[in-house]
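Trainee: my questions concern the predicted model and sequence given below.
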Amino acid sequence: MLKARLLAFLILILGLLAGWGFWNRVDIKQSVLAWQNKRSLPTALNQEQLSQLPISQIESLTKKTIGKLSVNTLPEEINIAVPFTSQAPFAIWDPLHDEACEEASLIMLDAFYKGKKSLNKEQAELLIQNLVQWEKEKYGYFEDTTSEQGVEMLEQFFKLNKAKVVYDITIDDIKKALAQGRPVVVPAAGKLLKNPYFRGGGPLYHMLVIKGYTKDGRFITNDPGTRRGEDFTYNMDALYNAIHDWREDGDILKGRKAMIIIE
C-alpha cells in the first residue's frame with residue numbers, strides 16, 4: 001500500500017514537472033519569436049528624429065489634409081518610439097484592469113507627447129487608477145469608452161491640446177499620420193484581432209496604439225492587452241478590419257472606423 005502511494009506521488013510529481021517543462025518551453029519559444037520580431041522592425045525614432053522627416057513639416061493633420069498627401073511620398077517603413085505599458089502593469093487581471101485598455105493606450109500617447117522615454121509599472125498603475133477615478137466622476141463608469149471620450153480624456157485629464165477623432169479612415173490615412181510622426185490610438189473589435197496572447201480569444205472591445213508600419217505590410221503597435229504587446233505587429237488588413245468604435249448598443253461590428261490623433 002505504501003509503495004503504491006509512493007508510486008502515485010512520484011507519477012504526480014513527474015507529471016507536474018513535465019507540464020512545467022512544456023509551458024516553460026512554450027514561453028521561451030514565444031520570447032524568442034518576440035525578440036526576433038523586434039529585431040526585424042525599423043529603428044524607433046524619437047520626436048527630434050521624426051521632426052527631420054520631410055512629411056512631418058505639414059502642420060495640420062485632419063481628414064482633409066490627410067487626403068492631400070500622396071502615398072508615394074511616404075517612407076517605406078517607420079517606427080515611432082512610444083513608451084509601452086500593459087493595461088495590467090503588475091499582471092493583476094482583475095475587473096478594473098480587464099477594462100483598462102483605453103486608459104493604457106491614452107497613457108502611452110500622453111507619455112510620447114510629453115517626451116517620456118519609458119513608463120515604469122508604478123507610474124502606469126497610478127495613472128490608470130487616477131484616470132479610472134476621473135472617468136467614474138465624469139461619466140459614471142469607465143468601461144467601454146468611445147474615441148470621442150478618449151479625446152475628452154486627453155484634453156481634460158492629460159491637458160493635451162488639439163486631440164481629435166478622424167472617422168471613416170483608410171489604411172493609407174493611418175500610414176500618413178504615422179509618417180508625420182504622429183502615433184494614433186484606434187478602437188477595435190478585440191476578438192477580430194486574433195492576438196495569440198489574448199485570454200479567451202480577446203475582449204469584445206479594445207483600444208491600442210499604432211506606432212509604425214513595415215515594408216512587408218504590418219502595423220507596429222503597442223497593444224496594452226498583453227505583457228508582450230510592445231512592438232507587437234499585426235497584418236495591416238487584419239488590424240484595419242478590426243477597427244470599430246464603441247456603440248451604446250454594444251454592436252461593435254457596426255462601429256465606425258476611427259483613430260485618435262494629436263494635430
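Mentor: Received the coordinates, thanks.
Trainee: all helices for this structure, in order.
Mentor: According to DSSP state H, the chain carries its helices in the segments 2-39, 47-50, 63-68, 95-98, 101-113, 121-139, 147-152, 171-179, 190-193, 236-242.
Trainee: any idea which of these scores lowest on pLDDT?
Mentor: Ranked by mean pLDDT, the helices of the chain end with helix 63-68 in last place, scoring a mean of 50.
Trainee: so which bits of stretch 148-156 are buried?
Mentor: 149, 150, 151, 153, 154 (16 or more other C-beta atoms under 10 Å). The C-beta positions use only the backbone N, C-alpha and C, and glycine is treated the same way.
Trainee: tell me the one of those nearest residue 165?
Mentor: When those are ranked by distance to residue 165 (C-beta to C-beta), residue 151 comes first, at 5.8 Å.
Trainee: next up, the contacts around the closest residue to that closest one other than its chain neighbours.
Mentor: By the measure of C-beta to C-beta, 6 or more residues apart in numbering, the closest residue to residue 151 outside its immediate chain neighbours is residue 163, 4.6 Å from it. Taking C-beta atoms under 8 Å, 6 or more residues apart in numbering as the definition of contact, the neighbours of residue 163 are 150, 151, 154, 155, 260, 261, 262, 263.
Trainee: the biggest strand by length in the chain: how far from the chain's middle?
Mentor: Across the chain, the longest stretch assigned as strand under DSSP state E is strand 205-213. If you compare the mean C-alpha spot of strand 205-213 with that of the full chain, they lie 4 Å apart, counting by C-alpha atoms, centre = their mean, to the nearest Å.
Trainee: ditto for stretch 220-234
Mentor: Average the C-alpha atoms of stretch 220-234, do the same for its chain, and the two points are 5 Å apart (C-alpha atoms, centre = their mean).
Trainee: ok, now stretch 163-177?
Mentor: Taking the mean C-alpha point of stretch 163-177 and that of its whole chain, the gap between them comes to 16 Å (C-alpha atoms, centre = their mean).
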